[in-house]
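In: when you get a sec, could you give me coordinates for this:
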Amino acid sequence: MSIHPEIIKYSAHPDITFWDLKSWDFDKYDIPASELKNIQSIFQEHNIGAFMMWQDDYHYKFHSIPSKPYIVHYIWDLSLLDKNILAIVGPRKPSVYSHKVLKKLFEHAENYDLVTISGMAAWVDQLAHALSIKHKIPTIAVLWWWLNYFLKWAERHIVQSIVDNGWLVLSEYKINFVPTKYSFPQRNRIIAGLSDIVVLPEAWENSWSLITVDFANHSSRPVYVVPNDIFSLTSFGVHQLISQQKANVLIDFKDFFDQNFKKFGVKHTVSTKILDLPAPQSDIIWLLSDNGEMSLWAIMQATGLDTDTVMQHITLLEINNHIYQNSPWKYSLY
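Out: All right, here's what the predicted structure looks like:
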């Protein structure tokens, strides 16, 4: 896997900042060749990839993130970002109620074509990843530390399971980065920006998981919360969101998934009128018929067309009510 040499330099010295990277100003730092080689070997040993904002493989979803990450480090399958992504976040000190909610949520989720995303924090985040693994639902972990750090961490087995399944682990932080109180909320903006929907089973009044909700609201991502006993302190933040009309109420799990995700084994029918459309419009229709929903990026890859050409034909299909955009840059048949 090829890594841009500037990313290697950035990771090879603890004092090099994002600002140095953006200006490519490394002359003031003494970086031994041996350390550059060491960093390169770490990337190779753990199959870690990385890309910067201006590179072609910088996924379009990152562009919708406030203060979008300049560098993204990852292990394994970036194509999961093209799927419908369900974010699950919650407090580090929840009640048993969160466990009951997530258990029921995942019993339904395994029947739908989706990917989960969370932040590997204690309890709700880790439970979301663990249940994803149990139900064989692809999951994305967004870390608030460097990818290699999990090797020293007590809960590394969860991240290792995600890696072993070939799913996706992300981090914007460099090698040997030590987590801070600021890196935790910073990664929340990435979770919200990459997701299509955010679910919050429980939240204290000042829970940090509410930061993710704020980012989701800012990015026009729908937020769903599960109501609880009004005297439950662990749901105070949830009830605030409901009263402030910042979240939708999630009660019927089957209805929630039916409305927002494609069920496995269900295909759209294509009307005879659509069959008469010229290529590549007809090609796009058949792609959506087979896949149920596709991102702009996925359509471009499947058709081999450039962005402008694909957007031209997608616009015509939208005008004629053949397809619609049901979330940012994702399209489905009517």
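In: now the helices for the chain?
Out: Under the criterion DSSP state H, helices of the chain are mapped to 5-12, 18-23, 33-45, 96-109, 124-134, 156-164, 183-194, 209-218, 236-243, 253-260, 272-275, 281-291, 296-303, 307-319.
In: in JSON lines: those, plus mean pLDDT, mean neighbour count and distance to residue 79.
Out: No exception for glycine: its C-beta is placed from N, CA and C like everyone else's. Below are these laid out as JSON lines (pLDDT from 0 to 100; neighbours: other CB atoms under 10 Å; distance: least, CB to CB, whole Å):
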{"stretch": "helix 5-12", "mean pLDDT": "86", "mean neighbour count": "20", "distance to residue 79": "21"}
{"stretch": "helix 18-23", "mean pLDDT": "74", "mean neighbour count": "13", "distance to residue 79": "26"}
{"stretch": "helix 33-45", "mean pLDDT": "89", "mean neighbour count": "14", "distance to residue 79": "20"}
{"stretch": "helix 96-109", "mean pLDDT": "95", "mean neighbour count": "17", "distance to residue 79": "19"}
{"stretch": "helix 124-134", "mean pLDDT": "95", "mean neighbour count": "22", "distance to residue 79": "17"}
{"stretch": "helix 156-164", "mean pLDDT": "88", "mean neighbour count": "17", "distance to residue 79": "15"}
{"stretch": "helix 183-194", "mean pLDDT": "90", "mean neighbour count": "22", "distance to residue 79": "13"}
{"stretch": "helix 209-218", "mean pLDDT": "92", "mean neighbour count": "22", "distance to residue 79": "23"}
{"stretch": "helix 236-243", "mean pLDDT": "95", "mean neighbour count": "18", "distance to residue 79": "32"}
{"stretch": "helix 253-260", "mean pLDDT": "93", "mean neighbour count": "15", "distance to residue 79": "20"}
{"stretch": "helix 272-275", "mean pLDDT": "58", "mean neighbour count": "11", "distance to residue 79": "27"}
{"stretch": "helix 281-291", "mean pLDDT": "85", "mean neighbour count": "18", "distance to residue 79": "13"}
{"stretch": "helix 296-303", "mean pLDDT": "85", "mean neighbour count": "18", "distance to residue 79": "8"}
{"stretch": "helix 307-319", "mean pLDDT": "88", "mean neighbour count": "15", "distance to residue 79": "18"}
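In: need these in a markdown table (columns: distance to residue 61).
Out: What follows is the helices of the chain, written out as a markdown table (distance: least, CB to CB, whole Å):
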| stretch | distance to residue 61 |
| --- | --- |
| helix 5-12 | 20 |
| helix 18-23 | 20 |
| helix 33-45 | 23 |
| helix 96-109 | 20 |
| helix 124-134 | 19 |
| helix 156-164 | 19 |
| helix 183-194 | 5 |
| helix 209-218 | 13 |
| helix 236-243 | 24 |
| helix 253-260 | 17 |
| helix 272-275 | 28 |
| helix 281-291 | 18 |
| helix 296-303 | 9 |
| helix 307-319 | 15 |
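In: nearest to residue 81, out of those?
Out: Nearest to residue 81, of all those, is helix 183-194, at 6.4 Å by CB to CB.
In: was I right to think residue 228 contacts residue 242?
Out: No. Judged on CB atoms under 8 Å, residue 228 makes no contact with residue 242 at a distance of 10.6 Å.
In: and the nearest residue to residue 331 once chain neighbours are set aside, how many neighbours does it have?
Out: Of all residues not flanking residue 331 in the chain, residue 323 sits nearest, at 5.1 Å (CB to CB, 6 or more residues apart in numbering). Residues near residue 323, counting by other CB atoms under 10 Å, number 22.
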